[in-house]
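[1] no sequence on this one, just coordinates:
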DNA sequence: AAAGCGGGGCT
DNA sequence: AGCCCAGCTTT
């Protein structure tokens, strides 16, 4: 049965595969770049970025020689900027310590920043046909449905199950094509909602379909419980600069006003000018000096997107002291939301440390 | 084990 | 509006 599944999938793939810029090449560098960009990002969104990136940095040497700032500029708008910094750092490692070679060596790939189990296997199976399985959002859905797996294949035991399933199904030849085909099936046929089972090469073996449970397998990711948050905000304009001042509604005095230190950097680096957007959202909520601002948030992330970076300390529960300032950066991860080069990041971290000291001094 | 990182596309 | 997406790192 396994052989039949493999054969039918590969035949289907030969007929239905989309022509994408990173296919038709076995260059590990090109495949690698595509996998990094495609991480948590849809194909349509990636294509223009991918073509620009490869035109600018056609080889790993070109990427290694580039300034980090220029790499980030090309990445701007894709999000998850840590991916770009890792890609660039890994390119430099490969050039400096491995002669610019991208070999068929899983241990080497896994040692690179930003390369986990999936990207390692995706690159090596496509470039060298190395028999490594991959599990991502599409193949995960296909496998869970094929075997009618009832648990959550994204977590714990389910995760171990789905990687074993992918491993067991893997052919000994045309591994790259098979991995691609599995994802393509999930993307074109075995979709999250309203899967096109009539067009599926595996329909006769699909347990979920036999049970009529295609839409319920795998189970949807659970959403965080909404939490109501209250705080006060003041927005002050001084010429072309903006000051944002926030405090928890429970605090009884305002923090000293500090200029938001990353504002200028954010506007300078981000074409979509995040600061005016913050201003727009806040004014849309009619935030005036001293007015209460009530937000229903479904998750920390959602709230922080809403108000951008300045509410970090509040939601981390570290605002027990009687005041709170917007100017404090909390973790390096929070800096990942901006396309900041490593030196810029270090500067902000230093400023943040200073702000924390000031804060402690006043409490 | 769980949180954190974004922006876009789709229903 | 929700929900989802070719994941990885950090805590």
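    Cool, the structure landed. Remember, it's a predicted structure, so these values are computed and weren't measured experimentally.

[2] Show me what stretch A:150-166 is in contact with.
    Residues outside stretch A:150-166 that contact it (Cβ atoms under 8 Å, 6 or more residues apart in numbering): A:133-135, A:139-140, A:143-144, A:147, A:149, A:182, A:217-219, A:221. All C-beta spots, glycine's among them, are computed from the backbone N, C-alpha and C.

[3] is it anywhere near DNA strand C?
    No. Using Cβ under 7 Å from any atom of the strand, stretch A:150-166 stays clear of DNA strand C, with a minimum separation of 8.4 Å.

[4] name the element the residue of the stretch 51-200 of chain A at minimum distance from DNA strand B belongs to?
    Going by Cβ to the nearest atom of the strand, DNA strand B is nearest to residue A:79 of the stretch 51-200 of chain A, at 2.9 Å. Residue A:79 is part of no helix or strand when elements are defined by DSSP states H and E.

[5] now swap in residue A:167 and tell me
    Per DSSP H and E: helix A:156-169 holds residue A:167.

[6] can you pull the buried residues of that helix?
    A:158, A:161, A:162, A:163, A:165, A:166, A:169 (16 or more other Cβ atoms under 10 Å).

[7] And residue A:77, how far from residue A:346?
    Taking Cβ to Cβ, to the nearest Å as the measure, residue A:77 falls 24 Å from residue A:346.

[8] no no, residue A:158
    40 Å.

[9] Ok, residue A:93 next?
    Distance from residue A:93 to residue A:346, by Cβ to Cβ: 20 Å.

[10] ok, now residue A:145?
    Counting by Cβ to Cβ, the gap from residue A:145 to residue A:346 is 47 Å.

[11] neighbour-wise, which of those two wins?
    Neighbours per residue (other Cβ atoms under 10 Å) separate residue A:145 from residue A:346, with residue A:145 holding more: 27 against 13.

[12] what helices or strands is the helix or strand that contains that one leaning on?
    Using DSSP H and E, residue A:145 maps to helix A:137-146. If you count contacts as 3 or more Cβ pairs under 8 Å, 6 or more residues apart in numbering; DSSP states H and E, helix A:137-146 packs onto helix A:156-169, helix A:175-188, helix A:207-211.

[13] Okay, now the unreliable bits of the stretch 101-250 of chain A?
    Applying pLDDT under 70 to the stretch 101-250 of chain A picks out residues A:224-250.

[14] mind listing what the closest residue to DNA strand C within it touches?
    In the stretch 101-250 of chain A, the residue found nearest to DNA strand C is residue A:116; the distance is 2.6 Å by Cβ to the nearest atom of the strand. Shown in contact with residue A:116 (Cβ under 8 Å, 6+ apart): residue A:110.

[15] repeat that for 7 Å
    By Cβ atoms under 7 Å, 6 or more residues apart in numbering, the contact set of residue A:116 is empty.

[16] what does residue A:174 give?
    residue A:10.

[17] and if you look at residue A:51?
    Neighbours of residue A:51 in contact, by Cβ under 7 Å, 6+ apart: residue A:21.

[18] Are the helix holding residue A:145 and DNA strand C in contact anywhere?
    Yes. Helix A:137-146 is in contact with DNA strand C by Cβ under 7 Å from any atom of the strand, via A:137, A:138, A:141.

[19] No further queries at this time; thank you.
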